[in-house]
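Engineer: pasting a predicted model and its sequence here:
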Amino acid sequence: MASKILIADNQPNLLMSLEYLMQRQGFDVSLARDGNKAMAMIRQQRPDMIIMEAGMPGQSGFEICQQVRADSALRAIPIVMLSTKARETDIAKGMALGADAYIVKPFSTDDLVNRVRGLLGEGR
Amino acid sequence: MKPFDWRLALAVTIVGLVCLAWLGVAGVLLWAVLDPADWQTVLEALGGKGGLLVLLWAGSLIPTAAALRHLIEHYLRAPAKLAEEARLLLETDVQRLPTPRGSAENRRLAEVIGQLVAQREALKEDMDQRVQAASRQTELEKNRLAALMSELTKSVVVCNLDGRILLYNNRARLQFRRLSRLPTPAGGAELMGLGRSIYTVLDRKLVNHALENVQRRLLRGASAPSAQFVTATPTGKLLRVQMTPVRDVATDDTGARATDTMTGFVLLIENITADMQADAEKDRILTSLTEGSRSALANARAAAEVLELPDIPEGLRERLLGVIREEVQGLSRRIDELQPTSSAALRSRWPLEDMLGEDLVEAGLRRLESELELQVDAEPGDQGVWLKVESFTLLQAVIHLAGRLHDRCRVRSLTLRVGQREGQGVLDLIWMPCDGVGDKAELGWDQEPIQVGSETLSLTVRDVLERHGGECWIEQETEDDRHRCFFRLLLPLAAPQEELPATTFMRHESRPEYYDFDLFRTTARTRSLDDSPLTELAYTVFDTETTGLNPAEGDEIIQIGAVRIVNGKVLAHEFFDQLVDPQRIIPPASIPIHGITPEMVRGQPTIDAVLPTFHGFCQDTVLVAHNAAFDMRCLQLKEKRTGVRFDHPVLDTLLLSALVHENQDSHRLEAIAERFGLTIIGRHTAIGDAMVTAEILVKLIPLLAEKGIHTLEQARQAAQKTYYARVNY
């Protein structure tokens, strides 16, 4: 059964590319354009992986990260944080709040796919 | 007539009595040794001649008295006179030598005293000369310090440990003027002044915190402790303040440091508002260029990488290409938007100084004439243009261009002109091209290393201009049917600098008195103002000009002038001089008296704006005015409207003068000034009258002391008893 991936980002142009890319990799993809919708979908769908932008409107990626890690039912979901903030302090914050990977934009899509597969334990 | 000499009378009496006693003893002896018959014979021989004997005895007293008188004069009175003269010499600085008189010994003593006096005078003269030389040196050093302080481009304020200001420089004065509520030249004087508290402009807790840090470091033995803090002013300005201690280091006999105590602190104050705004703008641009671009680049890159995949559906391909197009266009737009601000904000520049355009041209003329054999003149351009330049290197660049014109185009005369075009400063190097002679001027010269005389720099004209954020090109203009060419150098403009306000009424000192180191010794006042000696009080001496003499019937203040006295010195450079819009007609009949016309008060602040600032100026001082009842009435009538209450203690120089010179007919300001030999400059201008009233008060204080009036309370009570205190307004 295909792994369910939630991709949340306020950039529709990126969502379009990532949706196609992940579907092509065989994942079951759902999309969210802001933090509030993303959180609602996480609770509802319980995805196997979350890829989200750190600085979304509504609830930020950091806040969602905290809520997921605080919820025992969601805690195990791996999270990949995408962000335009590249300072070491930003990366440290993302990792400290529970992200499993922090990827600074712009990024290589191959790298993203590899990280996702790695976190899902699928490997290549 | 000589006074009766009781010593001579006593001596003569004693000699007379001794003679009588001797005669008596001689008689008794004769009576004892002679036979009664012989004794009888002696008595018979003397019989009837007793009167003669008494006469002889009395007569012998006259030469005795003369001899005694001579002896007393020589051996008693002469030493006594010498002693008196010596005591006079000892207790005063009279230089008269003692008169030699009396015995030879006494005369020799007088000579020796004379020699000692001469020696003392020589020593005194030597000492005076040394003191004068030392005073001159001290004065020189004080002037150097004052000069140094006034030229510093950073604000410097020195305070004692109570936070009282005892030195500040002109830059500090101008800086704090901007914090004043009164946007006129009078504004700011209520904040910055000798003896004022620094806590009116800086948060006490902040300063104390820095003070504690410095003291802790001092205790730990730090050699140069300092502390720094940033504070925001009520007007939103950001000030960076650096505090360093003023230390009183005492050494012991061996020269080792015995005590190291802090007696005050120096504050270096810098307005960093513009720097912070520039930094914030840099941050904004950098963030926009980095974080803002990352998102767009991520979108475009992801789209591009997906496009590289095989078998992309056609519809998706088109959409992904659209994404790339859209994101790239977005990036282009962002860069276009940032271009105007980023080029100015992100360029690394030399530290540039603010310079008046005329000064730059003047310096350019001197440098060009000394470096090149050229005739150079200045053309009047825009006046009062301030540029931000590194003038030395910029003029090196100008000399390079002028040198090329001289060498290659055979230009023999040049003109410099400074001006302002569309928000930029311009420096034009103008020449008249000679047709057919020499090469044409080339813009490419700005790419060559700058050459000045035999020296070649590693910089080009372009480097210099880029460091200024400037530009350069060649233009032509027509004047009197002749074409002139010029290199136009675009330079950044600076905000016009504030100049010192005109001090036309000021006294003779050329250097403002912005320091009073005696204030180091003052401590927080513990006794009430009433018990304070007049010599120690701070005064605000003020005067008002009004539309008429009936404030209760609607006459209004049109000018307030005030000056402070601190430590017995009139602070002629810390003054308050403000015209006030009375919002009513100024009676034409009053204009010849005060010289203030309706045009002069138009646009000036109203009393509502002026009085709060004037109240600040008067803070912690005794108010003084000549005929203070009138001026105080003018202020008090405005209390309700402005909410500002002048409840300071008040002294009146009119009453004090009446107290000191009770037999004089007039106590008008002119009459008192004349008695004290003071000249009034600007009579019936508020500041002119305030200034002379202040000088009068300084002269009155020692005269009051002679009358036993030493404290404020004594002065107020005594003044109230004078005849003049009965006038009401």
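Structural biologist: Yep, that arrived.

Engineer: list the contacts of B:T540.
Structural biologist: B:562-564, B:617-618, B:621-624, B:648 (Cβ atoms under 8 Å, 6 or more residues apart in numbering or on different chains). C-beta coordinates here come from the backbone N, C-alpha and C atoms, glycine included.

Engineer: among those, which two are most distant?
Structural biologist: For the contacts of B:T540, the farthest-apart pair by Cβ to Cβ is B:V563 and B:H648; their separation is 15.3 Å.

Engineer: export the contacts of B:T540 to JSON lines and tack on distance to B:A609, pLDDT and secondary structure?
Structural biologist: JSON lines is the format used below for the contacts of B:T540 (distance: Cβ to Cβ, whole Å; pLDDT from 0 to 100; DSSP: H, G, I helix; E, B strand; the rest coil):
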{"residue": "B:A562", "distance to B:A609": "16", "pLDDT": "94", "secondary structure": "strand"}
{"residue": "B:V563", "distance to B:A609": "21", "pLDDT": "93", "secondary structure": "strand"}
{"residue": "B:R564", "distance to B:A609": "21", "pLDDT": "92", "secondary structure": "strand"}
{"residue": "B:F617", "distance to B:A609": "13", "pLDDT": "89", "secondary structure": "helix"}
{"residue": "B:C618", "distance to B:A609": "16", "pLDDT": "90", "secondary structure": "coil"}
{"residue": "B:T621", "distance to B:A609": "21", "pLDDT": "90", "secondary structure": "coil"}
{"residue": "B:V622", "distance to B:A609": "25", "pLDDT": "93", "secondary structure": "strand"}
{"residue": "B:L623", "distance to B:A609": "20", "pLDDT": "93", "secondary structure": "strand"}
{"residue": "B:V624", "distance to B:A609": "24", "pLDDT": "95", "secondary structure": "strand"}
{"residue": "B:H648", "distance to B:A609": "20", "pLDDT": "89", "secondary structure": "coil"}
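
Engineer: which one of those is nearest A:V68?
Structural biologist: Of all the contacts of B:T540, A:V68 sits closest to B:F617, with 63.6 Å by Cβ to Cβ.

Engineer: verify the stated contact: the closest one with B:E190.
Structural biologist: Yes: between B:F617 and B:E190 a contact is recorded at 3.9 Å, counting by Cβ atoms under 8 Å.

Engineer: joint contacts of the two?
Structural biologist: Taking Cβ under 8 Å, 6+ apart as the criterion, B:F617 and B:E190 both touch B:F576.

Engineer: the two: who's more crowded?
Structural biologist: Shown here are B:F617 and B:E190; by other Cβ atoms under 10 Å in any protein chain shown, B:F617 has more neighbours (28 against 25).

Engineer: report how many residues lie close to B:H209.
Structural biologist: Neighbourhood size, B:H209 [other Cβ under 10 Å]: 14.

Engineer: residue contacts, the most centrally placed residue in chain A?
Structural biologist: With the centre of chain A defined as its mean C-alpha position, the nearest residue by Cα atoms, centre = their mean is A:I51, 1.3 Å away. For A:I51, the contact set (Cβ under 8 Å, 6+ apart) comprises A:5-8, A:18, A:79-80, A:82, A:112, A:116.

Engineer: B:K237 too?
Structural biologist: B:178-179, B:271, B:273.

Engineer: same list (the residues you listed) but as JSON lines, adding neighbour count and pLDDT.
Structural biologist: JSON lines is the format used below for the contacts of B:K237 (neighbours: other Cβ atoms under 10 Å in any protein chain shown; pLDDT from 0 to 100):
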{"residue": "B:R178", "neighbour count": "15", "pLDDT": "73"}
{"residue": "B:L179", "neighbour count": "17", "pLDDT": "72"}
{"residue": "B:N271", "neighbour count": "17", "pLDDT": "80"}
{"residue": "B:T273", "neighbour count": "16", "pLDDT": "78"}
